[in-house]
Every structure is written in structure tokens, then in C-alpha cells.
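Enquirer: sequence unavailable; structure follows:
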């Protein structure tokens, strides 16, 4: 059967796409195989190499390594960044008697400040 696609590569109406998402059992099998093949020691070597590469003089190597580390450490969702910032601020507030009991969500401005001051990261103005 020949797939019918438009000029952007999308399937035309009435023409079935690919086989769809694999069953959860298949996904589990791939995840189990990945975990079995990558021991914590292997992962530590990968992360160490990424840390070393993040300090490389070559901007392509440096940026690729930093992007990898950010995604590995923080995930790729802005919501995760907000959760980390809220945890950080809650922890700080609970250890600071003048701010004890401070709760609530964090604004993007506070998020930028925390990530700049604590983690040395600069969020783009368009993010958040």
C-alpha cells in the first residue's frame, strides 16, 4: 500500500498513518533493556564526560553537553523548572525564621532570579 501524503509529509484525510504507538508492554521491554545495558557506573561515566565537555572551548561541544545535562538533571518541561524553584524557595523559607511558613507559587521573575543566582543559569525572557 502506498502512503498518500501532502507536500509537508502529513497523511492525507482517509489515509492511515503509521502503526501507532507501541503497546505499553513493548515500551516496558525497551526500558528494561535500556536499564539493563546502562549500569549506574556507565551512567556516571556518561555524565562525567558531559560535565567535562560542558567546559570545552568548542561552543558546539560545550552547548550540546550543557543542553544534555540540563535535560538529564531538570527535564525538558518548564513546569519542572517551576517545581524545582518552588522546592528551593520553600526550603529556604523554612530554614529562614523570618520567612517561616512562606508558601505559594513562584513568579517567573523569582524563577529567573533563583536560577541565575543559585544555579548560574539564564532563562530567556520568552520562557515561562
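Expert: Nice, thanks for sending it over. Keep in mind the model is a prediction, meaning the values are calculated, not measured. Numbering: from 1, shown residues only.
Enquirer: low-confidence ranges in the protein?
Expert: Scanning the chain for pLDDT under 70 picks out the ranges 1-3, 75-82, 84-85, 88-89, 92-112, 114-128.
Enquirer: all helices of it, in order?
Expert: Under the criterion DSSP state H, helices of the chain are mapped to 24-37, 40-54, 59-74, 78-95, 108-117.
Enquirer: which residues does residue 21 contact?
Expert: Listed by CB atoms under 8 Å, 6 or more residues apart in numbering, the contact set of residue 21 is empty. Glycine gets a C-beta too; all of them are placed from N, C-alpha and C.
Enquirer: state the distance from it to residue 10.
Expert: Here the criterion is CB to CB, to the nearest Å. By it, residue 21 lies 18 Å from residue 10.
Enquirer: cool, residue 65 as well?
Expert: Remark: distance between residue 65 and residue 10 (CB to CB) = 34 Å.
Enquirer: and residue 86, by the same measure?
Expert: 39 Å.
Enquirer: so which of the two has more stuff around it?
Expert: With neighbours defined as other CB atoms under 10 Å, residue 86 and residue 10 compare such that residue 86 has more, 17 against 10.
Enquirer: ok, that one to residue 71 distance?
Expert: Counting by CB to CB - residue 86 and residue 71 are separated by 20 Å.
Enquirer: residues contacting the residue lying closest to residue 65 once chain neighbours are set aside?
Expert: Take residue 65 and drop its neighbours on the chain: the residue closest to it by CB to CB, 6 or more residues apart in numbering is residue 53, 3.5 Å away. By CB under 8 Å, 6+ apart, the contact set of residue 53 is 61-62, 64-65.
Enquirer: just the buried ones from those residues, in ChimeraX syntax?
Expert: To isolate the buried ones among the contacts of residue 53 in ChimeraX, judged by 16 or more other CB atoms under 10 Å, type:
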select :65
